[in-house]
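Novice: Quick one, structure for this:
(chains A and B)
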There are 2 protein chains.
Amino acid sequence: MYPRFSLSQFLSRILPLLFLFSPTSAQLAQNNEDPTTINTMEEFSGYPIHEPPHSFFSNSLSVDAQTLQKQIGELSTFSDSPAPSVTRILYTDKDVLVRRYVKNLMGLAGLSVREDAIGNIFGRWDGYESELGAVATGSHIDAIPYSGKYDGVVGVLGAIEAINVLKRSGFTPKRSLDIILFTSEEPTRFGISCLGSRLLAGSGALEKALKTTVDGQNISFLDAARSAGYAIGQDDLSNVFIKKGSYYAFVELHIEQGSILEERGISIGIVTAIAAPASIKVDFEGNGGHAGAVLMPNRNDAGLAAAELALAVEKHVLESGSIDTVGTVGILDLHPGAINSIPSKSHLEIDTRDIDEKRRNIVIEKIHQSAVTIAKNRGVELSEFKIINQDPPAQCDKSIIEAMEAASKELNISHKSMISRAYHDSLFMARISPMGMIFIPCYKGYSHKPEEFASIEDIANGVKLLALTLAKLSLQ
Amino acid sequence: MYPRFSLSQFLSRILPLLFLFSPTSAQLAQNNEDPTTINTMEEFSGYPIHEPPHSFFSNSLSVDAQTLQKQIGELSTFSDSPAPSVTRILYTDKDVLVRRYVKNLMGLAGLSVREDAIGNIFGRWDGYESELGAVATGSHIDAIPYSGKYDGVVGVLGAIEAINVLKRSGFTPKRSLDIILFTSEEPTRFGISCLGSRLLAGSGALEKALKTTVDGQNISFLDAARSAGYAIGQDDLSNVFIKKGSYYAFVELHIEQGSILEERGISIGIVTAIAAPASIKVDFEGNGGHAGAVLMPNRNDAGLAAAELALAVEKHVLESGSIDTVGTVGILDLHPGAINSIPSKSHLEIDTRDIDEKRRNIVIEKIHQSAVTIAKNRGVELSEFKIINQDPPAQCDKSIIEAMEAASKELNISHKSMISRAYHDSLFMARISPMGMIFIPCYKGYSHKPEEFASIEDIANGVKLLALTLAKLSLQ
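Specialist: Residues are numbered from 1 along each chain as shown, chains lettered A, B, ... in the order given. Alright, predicted model coming up:
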């Protein structure tokens, strides 16, 4: 562990030693010398001294890209689907293995690791004013079926590497730095997106719902958590809640999952807001029957009701008047699912999002109306129309954005402002802490599929920017 | 086993013994006496003697309904889904158990049992002119997911009981009687309907296709058959083929799977033709992607292509101009099937049938055109459009129909002519033998669902009619 110094103490005490190795003389001169000496020292050292005090620091940040690349590859092997795809579901055995892998890296980085009752994992680097609100960063490592290696992973392995970058540079945090591995961001197993961060952010409704939530095999949330070694002897999950103010800032590094940065040749996206997500579950029920024997006028086909609703979702999304509105039917299941059996039941899961919460809510209402009308026209029962989540958008914090912009300039990395269309744990951390997000380009914007790719150069830029941003925030 | 007598020999030799027990005196009188004596004997016995020679026989047919009811109940317990539904798939362990059950009943009925390479099971009662073409009856006992107890089962357990009925009555067959348990009628496992009867009927195309057919878990047909004890050491399945002419007639007893008989209060349906079935498999493929990040104009959603095609199937069926045209999308699967992932692949299985083969083929062609157009409009690839089967309809044999009509009259059971909208093994037996079908009413016409029901009284009527029809055909 490094001794507790402020940056100025560091410069005045350690500098003489470093004089031999780096352009610290420029810094020293800036503090103590007259202009003549400064100019001479500039010429002497070859480095201008009119940069902000941190520039030395920025230039000393180096990412171990090769190791990080290797780690991303290793993490991707913990998968329930064959390479190059990745499938890693909350609390399954691959998830348990990958948590051990990450905790080990945290330990190697000198962080002290703790876990909460549901498996949010925290790696802490204590600052010398650790009573102040800490600065956190993190993301997720669960992966939806047949997805890629980078979604979430960049923000976890990249965050650990950012800590390593800071340690290698000699930095000492004032505010503590916390890396968070959120227990589950994807909704695959229980239908609840950002389960870890929602609970951290204190959702009483979720805490209550989790007592009765089951997965597709009817395994309860608590039983699943216990199978992975969490929630042992605990039914009350409110101890997961984190008090507002505990964190001074939260920053997440993530692939863009869009193609704007790549198309414009820009290295960093500084996120200004996160779009508002919503998801809906729908069931239709009819009489089913024999595909050959039941004549068409006598049918109430639940599958055709589902087909109509899927197309209605698209229609209502396109009607919104804005390109920012999106809607998808990712899941459509028929029962009993035999070629010669008229579907007696259909199940849909709908995802819809928008930058504009009100506009998105109008789309949800229209989808509901369509479901009711379709059920009536087809003579089926709308046996379920359940809004699973309907979250507001989140604004990123102005001073965090400023820190990122300054850091980008110092590192001489190109950047632009942008909106996150995908939701992230940041959306929920924003409820308890000022929040910011850093995007890096990804190949053709591909995500949630095996072709997802981010170059190690882009990842390294993101890690560097994250490191410097964390350092700035930590010293505030 | 009964000694080999013809009916007239039976009457002349055994009759004196039976004089004490039954109205055979009326028959004797009819052969030997003058009209005065006949009238007196009518009055004496209480039975008119102007009936056809078989009437004594018809009246001696009795069905052990209680036992048959029990057997139907027992058979339904061999199921992979919970009661009251039945799921029993070709070559699975429940299928293996049920075959043993049926073979045991065949043995108890005094039949000699043999099986072919793919598991068609034959129980034979040798006739005294066994070199003549035999008379066959039978059906299937496999069951699609979440179906009922009676589909196919009535025609197998009922056929065995029909044999028992004949044996109890003292009947002796001239032409041998064969009960056939077709190895699989439902297309659940390999997508091939009436697999057993198609192969019996000599389909070279099927025999070839079976060498490379796999199920949904990629298990080959031959491996699956071997797991059930069939096709041991055999790759050539042409030994399953049955020569045309081997059978003099084939009759199948089955529930109507429609509601006409029930609605009109009629006990027996004498089928005149079987509708022409067809099935199609379709795959669409697109780019998939992130449900939040990919904007609507940049999508080619394979799930929405499937939704449009499902509705197009309905449209083309309704356009046919005839209520006899039906079409169903019983299977629609999305990949990867995650709520926040745009479907990159969709798979549909379509069932369409008609009495009129030409009209049905027009519907198939329109469905194909729609699939091509939808793929183009949605920017997806139509990666598969495969017609699995496209069979002609089958006409029932006139003399078999006449035998059934005569039998119905003799048994004083109400009947009407009708078409079978569902396909049956009879459709394929018709390729190698004159064919007929007997329908019995079923509750509200329900089939392919757990609510499927036929009363034991209706089943007993069907069994009796089958028995008498088999007897008539056997003596021809």
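
Novice: Tell me, what's the model's pLDDT at the nearest residue to residue A:440 once chain neighbours are set aside?
Specialist: Computed as CB to CB, 6 or more residues apart in numbering or on different chains, the closest residue to residue A:440 that is not its neighbour in sequence is residue A:462, at 4.0 Å. The way it works is simple: take the backbone N, C-alpha and C, and place the C-beta from them, glycine included. We have a pLDDT of 98 for residue A:462.

Novice: part of a helix, is residue A:462?
Specialist: Yes: assigned with DSSP: H, G, I helix; E, B strand; the rest coil, residue A:462 falls within a helix.

Novice: give the contact list for it.
Specialist: A:154, A:158, A:253, A:268, A:438-440 (CB atoms under 8 Å, 6 or more residues apart in numbering or on different chains).

Novice: from the residues you listed, which single one is nearest residue B:139?
Specialist: Residue B:139 lies nearest to residue A:154 out of those, by CB to CB, at 60.6 Å.

Novice: thought the closest one was touching residue A:454?
Specialist: Yes: the pair residue A:154 / residue A:454 is scored as a contact, 6.4 Å apart, by CB atoms under 8 Å.

Novice: Where do the strands of the stretch 1-150 of chain A begin and end?
Specialist: Counting by DSSP state E, counting those that start in this stretch, the stretch 1-150 of chain A has strands at residues A:86-88, A:112-115, A:121-125, A:134-140, A:143-147.

Novice: Any chance of CSV for the ones you listed, columns distance to residue B:124, mean neighbour count and mean pLDDT?
Specialist: Output for the strands of the stretch 1-150 of chain A, formatted as CSV (distance: least, CB to CB, whole Å; neighbours: other CB atoms under 10 Å in any protein chain shown; pLDDT from 0 to 100):
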stretch, distance to residue B:124, mean neighbour count, mean pLDDT
strand A:86-88, 54, 25, 97
strand A:112-115, 71, 14, 98
strand A:121-125, 71, 22, 98
strand A:134-140, 67, 28, 98
strand A:143-147, 52, 26, 96
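
Novice: Quick one: these as CSV, columns for distance to chain B too.
Specialist: Output for these, formatted as CSV (distance: least, CB to the nearest CB, whole Å):
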stretch, distance to chain B
strand A:86-88, 9
strand A:112-115, 26
strand A:121-125, 23
strand A:134-140, 13
strand A:143-147, 4
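
Novice: top of the contacts of residue A:462 by neighbour count?
Specialist: residue A:158 (33 neighbours; other CB atoms under 10 Å in any protein chain shown).

Novice: Could you pull up the residues touching residue A:319?
Specialist: With CB under 8 Å, 6+ apart, residue A:319 has these contacts: residue A:366.

Novice: how about the residues of the stretch 101-250 of chain A near chain B?
Specialist: Proximity of the stretch 101-250 of chain A to chain B, by CB under 8 Å from any CB of the partner chain, involves residues A:144-147, A:186-188, A:191, A:193.

Novice: Out of those residues, which is nearest to residue B:138?
Specialist: Once CB to CB is applied, the member of those that ends up nearest residue B:138 is residue A:145, at 44.1 Å.

Novice: Now do that closest one against residue B:298, distance only.
Specialist: 22 Å (CB to CB, to the nearest Å).

Novice: Repeat that for residue A:220.
Specialist: For residue A:220, the distance to residue B:298 - CB to CB - is 39 Å.

Novice: do residue A:265 as well
Specialist: With distances taken as CB to CB, residue A:265 is found 20 Å from residue B:298.

Novice: How about residue A:61?
Specialist: 36 Å.

Novice: If you count surrounding residues, which of those two has more?
Specialist: Shown here are residue A:61 and residue B:298; by other CB under 10 Å, residue A:61 has more neighbours (21 against 15).

Novice: from memory the more buried one sits against residue A:466, does it?
Specialist: No: contact criterion CB under 8 Å: residue A:61 and residue A:466 do not qualify, at 10.2 Å.

Novice: Any stretches of the stretch 51-200 of chain A with poor pLDDT?
Specialist: For the stretch 51-200 of chain A, applying pLDDT under 70 flags the ranges A:51-56.

Novice: Who are the contact partners of the nearest residue to residue A:57 once chain neighbours are set aside?
Specialist: Leaving aside its sequence neighbours, residue A:57 sits nearest to residue A:169 (CB to CB, 6+ apart; 6.4 Å). With contact taken as CB under 8 Å, 6+ apart, residue A:169 is in contact with A:57, A:60-62.

Novice: ok, residue A:436 - how many residues close by?
Specialist: Count around residue A:436 with other CB under 10 Å applied: 26.

Novice: Likewise for residue A:228?
Specialist: 17.

Novice: Then residue A:150?
Specialist: 27.

Novice: could you check the distance from it over to residue A:86?
Specialist: To residue A:86, residue A:150 is 9 Å away according to CB to CB.

Novice: swap in residue A:193?
Specialist: In terms of CB to CB, residue A:193 sits 18 Å off from residue A:86.

Novice: now swap in residue A:101 and tell me
Specialist: Counting by CB to CB - residue A:101 and residue A:86 are separated by 14 Å.

Novice: What is the subsequent helix or strand relative to the strand or helix carrying residue A:363?
Specialist: According to DSSP states H and E, residue A:363 maps onto helix A:357-378. Note on helix A:357-378: by DSSP H and E, the next helix or strand toward the C-terminus is strand A:381-390.

Novice: And the contacts of that following strand?
Specialist: A:187, A:191-193, A:277-286, A:345, A:361, A:364, A:368, A:371-372, A:375.

Novice: Just checking: what are the partner strands of it?
Specialist: If you go by DSSP bridges, strand A:381-390 pairs up with strand A:276-285 (antiparallel).

Novice: just how off-centre is the partner strand within its chain?
Specialist: 23 Å (CA atoms, centre = their mean, to the nearest Å).

Novice: That one relative to helix A:357-378, how many degrees between them?
Specialist: 10 degrees (axes from the mean of the first three to the mean of the last three CA atoms, to 10 degrees).
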